[in-house]
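Trainee: based on what follows, work out the 3D shape:
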Amino acid sequence: MSPPSLFRLKASLQQYDWGKQGKDSLVAQLAPNAVGPSFSLDNDASYAEVWMGTHPNGPTSIFSTPNTSLLDTITSDPNHFLGAAILAKWPSSPAQVPFLFKVLSIAKALPLQAHPDKALAERLHAQDAKEFVDANHKPEIAVAIGEPLTSDGGWGEGVAFTGFVGFRPFDAIRNALRGVPELVQAVGNDDAVNAFLQDPSKESLKAIFSSLIERGAMDPAVIKEQVRALVEKIKSKGGDVLGEEQLARVVLKVDSQYPGDVGVFATTFFMNLVKLKKGEAVYIGADEIHAYLEGDIIECMAVSDNVLNAAFTNQAEAQSQVPTFLSMLTYTARPASHWTLSHGPYQRSKNHLTQVYAPPLEEFVVMGTNLGDGRATEVLGQVDGPTIGIVRSGSVKVTVNSESLELESGGVFYVVPGCAVTVEKTSGGKAQVWWAACAV
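Mentor: Presented below is the predicted three-dimensional model:
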């Protein structure tokens with residue numbers, strides 16, 4: 001009997017405290033079909049992420065035989081399940097899917113973080129394989145897939161996701177240092193502040209940002225005092241006190257989630273607030289600072305779970321990871337648009353119902369297929385690597401060669417290399433499918 005070309009997967013869930021709660025979480029809504037009968041909803045629990053891939057921190061298994069992992073299945077016949085091109089490009093033992101595909105449902109800010117490049121990942125893994133379980137880099141993309149936010153952020157019409165990505169342009173940071181005395185007090189290094197004001201550069205940015213983050217890790221009481229003073233000033237004098245009302249809203253929102261945390265200063269005044277409408281995306285390379293804030297997203301990355309956190313986390317973790325975190329950052333300071341990832345028609349789609357998001361790396365592309373009224377079928381041409389798909393909404397039938405699956409919202413599936421895929425809507429209304437594929 002020949003191995004299958006199409007089969008259903010059982011995903012893994014991650015329940016971090018920043019995830020949306022209970023039935024309000026998209027992750028929980030997808031879970032009955034993404035995970036199957038073993039899922040039981042707890043409305044008091046936070047459901048943060050769906051994981052689809054072979055990473056050991058959240059392994060996917062075969063839906064019909066949950067005790068069989070996707071990794072074991074691939075190991076049984078790597079050429080069939082991954083393809084010769086993937087095995088040649090990323091030789092490893094055991095052979096793995098080169099990407100990790102996720103859905104995130106975010107209620108509050110994730111830790112202020114960055115992911116190491118390959119060289120640093122290899123070094124960290126060699127030093128502490130328990131904390132850094134793999135030796136790979138982790139560039140990633142995030143695509144907004146939720147409805148417009150209804151929180152009190154005042155982000156603008158149609159905004160479905162917010163997050164902090166990269167450093168703001170030098171002029172914006174300089175204006176903050178000149179106009180927010182509490183920020184300067186929190187930095188606690190007048191020489192570094194003056195050097196940046198006189199000659200803004202990556203080096204002088206690193207100096208002031210490092211002073212702030214190190215103080216947050218080692219002397220959090222001082223930071224908390226300055227955050228409290230700033231919050232009280234905003235509440236008594238209004239948002240215009242910072243020159244930009246949005247900055248005041250960010251301070252109040254983030255402080256309500258992590259009272260007195262150094263991340264309140266770090267994100268608001270040093271980082272870009274990215275606002276995405278549904279279907280818009282960002283790309284975050286290795287060693288780039290970021291912290292997602294709110295919304296539902298598709299996320300995909302090179303297969304890794306390496307991360308270093310510096311704020312919005314526990315004190316012990318911050319103290320241990322801050323030195324490496326600060327030394328690894330690129331300190332790229334650009335407008336938010338620098339991190340925007342464009343999308344366009346997928347050239348291998350027959351009926352032009354699929355958009356593709358192609359970051360500047362080889363491990364993956366992400367695609368979104370929308371099946372609307374009267375346009376019920378899409379065909380995606382073959383690629384040389386594996387494809388993982390998840391039904392975001394609606395009911396569909398997925399067909400590869402003579403094999404087919406009927407799936408509802410949350411259903412996850414795997415397509416082996418070298419196969420065209422047909423997806424058709426099987427009920428009224430609309431349907432949406434998201435895919436990650438390695439197309440080397």
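Trainee: who touches stretch 249-268?
Mentor: Residues outside stretch 249-268 that contact it (CB atoms under 8 Å, 6 or more residues apart in numbering): 108-109, 112, 152-154, 164, 182-183, 186, 209, 212-213, 215-217, 220, 223-228, 230-231, 234-235, 239, 242, 247, 273, 291, 293, 310-312. No exception for glycine: its C-beta is placed from N, CA and C like everyone else's.
Trainee: list the buried residues in that stretch.
Mentor: Buried residues in stretch 249-268, counted by 16 or more other CB atoms under 10 Å: 249-255, 257-258, 260-268.
Trainee: out of the residues you listed, which are inside helices?
Mentor: Among these, the members found in helices (DSSP state H) are 249-255, 257, 262-268.
Trainee: tell me the helix or strand right after the helix or strand of the chain with the lowest mean pLDDT.
Mentor: Least confident helix or strand, the chain: helix 84-89 with a mean of 94, by mean pLDDT, DSSP states H and E. Downstream of helix 84-89, the next assigned helix or strand under DSSP states H and E is strand 99-106.
Trainee: same question for that following strand, mean pLDDT?
Mentor: The average pLDDT for strand 99-106 rounds to 99.
Trainee: ditto for stretch 308-322
Mentor: Stretch 308-322 comes out at a mean pLDDT of 95.
Trainee: can you give me the end-to-end span of it?
Mentor: Distance between the boundary residues of stretch 308-322 (CA to CA, to the nearest Å) amounts to 8 Å.
Trainee: just the buried positions in that stretch, please.
Mentor: Neighbour-count burial for stretch 308-322 flags L308, N309, A310, A311, F312, T313, A318, Q321, V322 (criterion: 16+ other CB under 10 Å).
Trainee: work out for me the element the last one sits within.
Mentor: Applying DSSP H and E as the criterion places V322 in helix 315-328.
Trainee: helices or strands up against that helix?
Mentor: Contacts defined by 3 or more CB pairs under 8 Å, 6 or more residues apart in numbering; DSSP states H and E place helix 315-328 against strand 112-114, helix 118-127, helix 202-218, strand 308-311.
Trainee: so which bits of the following helix or strand past the longest one are buried?
Mentor: Right, the one you point to is helix 202-218. Sequence order places helix 220-237 as the next helix or strand after helix 202-218, per DSSP H and E. Within helix 220-237, the residues scored as buried using 16+ other CB under 10 Å are P220, I223, K224, Q226, V227, L230, V231, K233, I234.
Trainee: how near is the second one to G260?
Mentor: If I follow you right, that is I223. 7 Å (CB to CB, to the nearest Å).
Trainee: same question for the fifth one.
Mentor: Shown here: V227 relative to G260, a distance of 5 Å by CB to CB.
Trainee: just the fourth one next, same as before
Mentor: For Q226, the distance to G260 under the criterion CB to CB works out to 9 Å.
Trainee: cool, the first one as well?
Mentor: Separation of P220 from G260 (CB to CB) stands at 7 Å.
Trainee: again with the third one
Mentor: Distance from K224 to G260, counting by CB to CB: 3 Å.
Trainee: just to revisit the earlier point, which one of the helices and strands packed on helix 315-328 has the most crowded surroundings?
Mentor: strand 308-311 (a mean of 26; mean count of other CB atoms under 10 Å).
Trainee: neighbouring strands - and their directions - for that one?
Mentor: Its sheet considered, strand 308-311 pairs with strand 112-114 (antiparallel) by DSSP bridges.
Trainee: who touches the strand it pairs with?
Mentor: Strand 112-114 has contacts (CB under 8 Å, 6+ apart) with 164, 263, 266-267, 286-291, 307-313, 325, 328-329.
Trainee: CA atoms only for the longest strand seen in the chain, dumped as CSV, please.
Mentor: Ranked by number of residues, the top strand in the chain under DSSP state E is strand 290-302. What follows is strand 290-302, C-alpha atoms only, in CSV (Å, rounded to 0.1, in the frame of the first residue of the first chain):
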residue,chain,number,x,y,z
HIS,A,290,8.9,43.0,18.8
ALA,A,291,5.9,42.4,21.1
TYR,A,292,2.4,41.6,19.7
LEU,A,293,-0.4,43.4,21.5
GLU,A,294,-3.8,42.4,20.4
GLY,A,295,-5.7,40.5,17.7
ASP,A,296,-6.0,37.2,15.9
ILE,A,297,-3.2,36.2,13.5
ILE,A,298,-1.8,33.5,11.3
GLU,A,299,1.9,33.2,12.1
CYS,A,300,4.6,31.2,10.4
MET,A,301,8.3,30.9,11.1
ALA,A,302,11.3,28.8,10.4
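Trainee: for that strand, packing partners?
Mentor: Strand 290-302 packs on strand 99-106, strand 112-114, strand 140-144, strand 159-167, strand 271-277, strand 365-371, going by 3+ CB pairs under 8 Å, 6+ apart.
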